[in-house]
Structures are given as structure tokens and as C-alpha cells.
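Trainee: Okay, predicted coordinates and the sequence, questions at the end:
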Amino acid sequence: MLVLVLLGAFSFSPSMSIELGYSKQRAPISEDMFHLGNNMESLYQTVRFLVDRNNDLESRMRRLENRNNDLESRMRRLENQYLTDVKKLNQDFHDSLRKHKNRIAVLEKGLRKQTELAMKLKKDNSQLEVVGDGFPDTEGKDTYPMEKRNTQEQHSKRLLAGIQPQTTSIIAFYAYMSTSHKEQGQHTLVFDTVKSNVGQAYHPGSGVFAVPQSGVYVFTWTVIHDGAADLSVILMVNSAAVGAAYANSRDGDQVTGMVVVDVNQGDHVYVRTYASWSSGDIKSDSSGRSSFAGWKLN
């Protein structure tokens with residue numbers, strides 16, 4: 001009886017055996033579920049990271065595409081501007097070329113006319129070179145005393161008495177200084193570059209015009225003064241001053257004079273600086289020429 005009771009006490013039904021078996025397996029399943037949940041959470045975080053990374057890459061891609069589109073747009077604008085500039089430069093070049101060709105044609109026509117005129121003058125006027133003019137030619141310095149100057153002029157006239165340029169219907173000359181000159185005190189100005197010398201009466205070696213025919217002449221001179229100083233320039237006929245021009249400037253100036261004078265055949269006409277006001281340099285270059293000119297009034 002006691003045995004039966006004990007057996008009865010420890011007896012269990014089939015359902016109880018299932019529950020016991022389930023309880024024995026429940027712990028491993030819960031652990032697997034826990035690990036599975038952790039794995040799912042980790043996978044979710046990874047997927048979310050990848051999605052965010054993909055969105056960031058897509059955003060950067062869009063920015064790069066926009067940047068690329070902007071660069072392409074700027075490139076097209078630059079190409080259009082370049083083509084426009086090249087077209088304009090090409091047009092300007094051709095316009096300038098046409099203008100220069102027209103200018104050259106005009107200059108060539110003028111040169112032909114000047115050549116024809118020179119040939120005509122050469123044919124109409126005989127050429128005679130006069131050697132020596134009786135004046136010292138030592139760098140243009142006029143240092144002789146007045147008595148020696150007069151003696152020299154008289155000697156010069158005697159030398160030229162039988163060697164005068166042949167008289168022509170036109171007597172005219174124009175010459176200028178080829179270079180600038182430093183201050184030299186009182187001296188005769190030598191205009192050594194001759195542009196016109198009809199009658200061959202002007203001598204570029206000394207700056208003296210030997211009058212070939214008596215009559216009324218016009219003489220004009222321009223001297224560019226460089227520097228803050230006084231400068232007086234005189235037109236001389238032999239030893240007599242017949243005209244003067246004066247300048248006083250801080251930064252340089254120019255003096256221009258003109259006279260109408262009755263001179264005799266054999267007289268010497270030249271330009272010189274005044275003794276008391278002859279400081280400062282004399283300028284003559286491509287920007288401005290110091291010059292001397294004269295012609296006979298018919």
C-alpha cells in the first residue's frame with residue numbers, strides 16, 4: 001500500500017512528460033532567439049549605415065554632376081567668347097591691313113610726285129658745290145674775336161666771289177639738327193641734316209647760308225630748349241644781328257624767330273646763341289627738331 005501510494009505520488013501523466021521535455025529545451029531556444037535578435041539588430045544597423053552611405057554618395061554624385069554641368073556651361077561660354085574675340089581680332093586685323101595698304105598707296109603716289117618734282121627741279125637747276133665758307137667748323141664753337149671774324153668773313157667773300165651758286169628762279173632751303181647738343185656757350189648752330197637746298201646755297205658743314213642773289217629773303221629758325229635756363233638765339237647777317245628769340249623755362253621750351261631782310265649777294269646768314277643767355281641743352285630728335293629755313297621772295 002505504501003509502495004502504491006509512493007508510486008501514485010510520483011506518477012505523472014503523458015502531458016506532464018511533454019511539459020517536462022519542453023522545459024528542458026526552453027533554455028537553449030531562448031538563447032538562440034537572443035542571439036538572433038542581436039544579429040538582427042546588428043544587420044539593421046549595417047543596412048542603415050549602408051543606406052546612409054548610399055544617400056551620401058548619391059548626394060555627392062549630384063553635387064559633382066552639378067559642378068560638371070557648371071564647368072561645361074562655363075566652358076561653352078569661354079569657347080563662345082574666344083570665338084567672338086578671334087573673329088573680332090581677325091576683322092580688326094583685316095581692317096587695319098586695308099587702311100595700311102591704302103595709306104601705303106597714298107604715300108607711294110606722293111613719293112612718285114615728289115620724285116617727279118625733284119627730277120624736274122634737278123633738270124631745271126644746275127648743281128654747283130661750293131667748297132669752304134670761311135667760318136671755323138670746330139664743333140660749332142664761335143670763339144674768334146670780332147676783328148678776326150670780320151677778317152675771316154671778308155676772306156670768305158673773296159674766295160666765293162668767283163664761285164657763287166648759279167642763280168635760279170627758286171632759292172630755298174630747310175635743314176635741322178640730326179642730334180641734340182649739350183650746353184656749349186655762345187656758338188654758331190649747325191643744322192647738319194638738309195631736307196631742301198634749292199640753289200645749293202646752304203652749307204650744312206658750318207650752318208651758313210651764302211646769299212646767291214641780292215634781294216629780300218625770309219629766314220625762320222626754331223630751337224628747342226631743354227632745361228631750366230635762359231636761351232637767346234640770334235639770326236646773324238655777316239656780323240650784324242637782325243633778329244632774336246628768347247626763352248626762359250623751368251622744364252624746357254622752344255624759341256622760334258622769323259625775319260624778312262634785304263641781303264646782298266655773298267652775305268653770310270647763320271644762327272647763333274647769344275653770349276649772355278646761352279645756357280641749357282639744345283634738343284633735336286624725332287619728337288621735335290631744331291631747324292633753320294629760308295627762301296627768297298620773288
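Mentor: Structure received. Everything quoted here is computed from the prediction, not taken from an experiment. Numbering: from 1, shown residues only.

Trainee: going forward, measure contacts and count neighbours with C-alpha atoms only.
Mentor: Will do.

Trainee: Can you check what pLDDT the model gives the nearest residue in space to D285 that is not next to it in sequence?
Mentor: Among residues not flanking D285 along the chain, T179 sits closest, at 6.0 Å (CA to CA, 6 or more residues apart in numbering). T179 is assigned 90 on the pLDDT scale.

Trainee: pretty sure T179 is touching S284, no?
Mentor: Yes: T179 lies in contact with S284 (CA atoms under 8 Å); the separation is 5.3 Å.

Trainee: Kindly state the domain boundaries assigned to this protein.
Mentor: 14-116, 146-296 (automatic domain parsing).

Trainee: out of these, deepest packed?
Mentor: Of the domains of the chain, the one with the most neighbours on average (mean count of other CA atoms under 10 Å) is domain 146-296, at a mean of 19.

Trainee: Figure out how far that one is from the centre of its chain.
Mentor: Going by CA atoms, centre = their mean, to the nearest Å, the spacing between the C-alpha centre of domain 146-296 and its chain's C-alpha centre is 35 Å.

Trainee: Ramachandran coordinates for I170?
Mentor: Main-chain dihedrals, I170, degrees, to the nearest 10: phi -120, psi 130.

Trainee: Once you drop chain neighbours, what's closest to it?
Mentor: Spatial nearest neighbour of I170, excluding adjacent residues (CA to CA, 6+ apart): V198 at 6.7 Å.

Trainee: before we move on, what about L189?
Mentor: Nearest non-adjacent residue to L189, counting by CA to CA, 6+ apart: R272, 5.2 Å away.

Trainee: and the residue nearest to I170, what are its bridge partners?
Mentor: As for beta bridges, V198 partners with A172 under DSSP bridges.

Trainee: cool, and the one 4 residues further on?
Mentor: Y202 forms beta bridges with F209, as assigned by DSSP bridges.

Trainee: thought it was touching A210?
Mentor: Yes: the pair Y202 / A210 is scored as a contact, 6.3 Å apart, by CA under 8 Å.

Trainee: sorry, back to before: let me have the domains of the chain in CSV, extended by distance to K122.
Mentor: As requested, the domains of the chain are exported to CSV (distance: least, CA to CA, whole Å):
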stretch, distance to K122
domain 14-116, 10
domain 146-296, 9
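
Trainee: rewinding a little: return the distance of the residue nearest to I170 relative to A293.
Mentor: Counting by CA to CA, to the nearest Å, the gap from V198 to A293 is 11 Å.

Trainee: what's the answer for W221, then?
Mentor: The gap separating W221 from A293 is 6 Å, by CA to CA.

Trainee: Could you pull out the helices in the stretch 51-200 of the chain for me?
Mentor: 146-160 (DSSP state H, counting those that start in this stretch).

Trainee: ok, which stretches of it are strands?
Mentor: Under the criterion DSSP state E, counting those that start in this stretch, the stretch 51-200 of the chain contains strands at 172-176, 193-198.

Trainee: Distance to E79 and mean pLDDT added to those, as CSV?
Mentor: Listed next are the strands of the stretch 51-200 of the chain as CSV, based on distance: least, CA to CA, whole Å; pLDDT from 0 to 100:
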stretch, distance to E79, mean pLDDT
strand 172-176, 55, 96
strand 193-198, 54, 95
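
Trainee: Looking at these, spot the one closest to N102.
Mentor: Closest approach to N102 among those (CA to CA): strand 193-198, 25.9 Å.

Trainee: now the closest one against strand 172-176, angle please.
Mentor: Angle, strand 193-198 to strand 172-176, by axes from the mean of the first three to the mean of the last three CA atoms, to 10 degrees: 180 degrees.

Trainee: one step back: for V198 and A293, list the residues in contact with both.
Mentor: Both V198 and A293 are contacted by A172, F173, under the criterion CA atoms under 8 Å, 6 or more residues apart in numbering.

Trainee: Give me the residue ranges of this structure where confidence is low.
Mentor: Residues of the chain that meet the criterion pLDDT under 70 lie in 1-28, 123-168, 183, 228, 249-252, 277-279.

Trainee: gap between the two ends of stretch 276-290?
Mentor: Per CA to CA, stretch 276-290 runs 21 Å from first to last residue.

Trainee: So what touches it?
Mentor: So stretch 276-290 is contacted by 176-186, 191, 221-233 (CA under 8 Å, 6+ apart).

Trainee: Show the subsequent helix or strand relative to the helix or strand that contains V223.
Mentor: Assigned by DSSP states H and E, V223 belongs to strand 215-226. Following strand 215-226 in sequence order, the next helix or strand is strand 229-237 (DSSP H and E).

Trainee: Cool, thanks, signing off.
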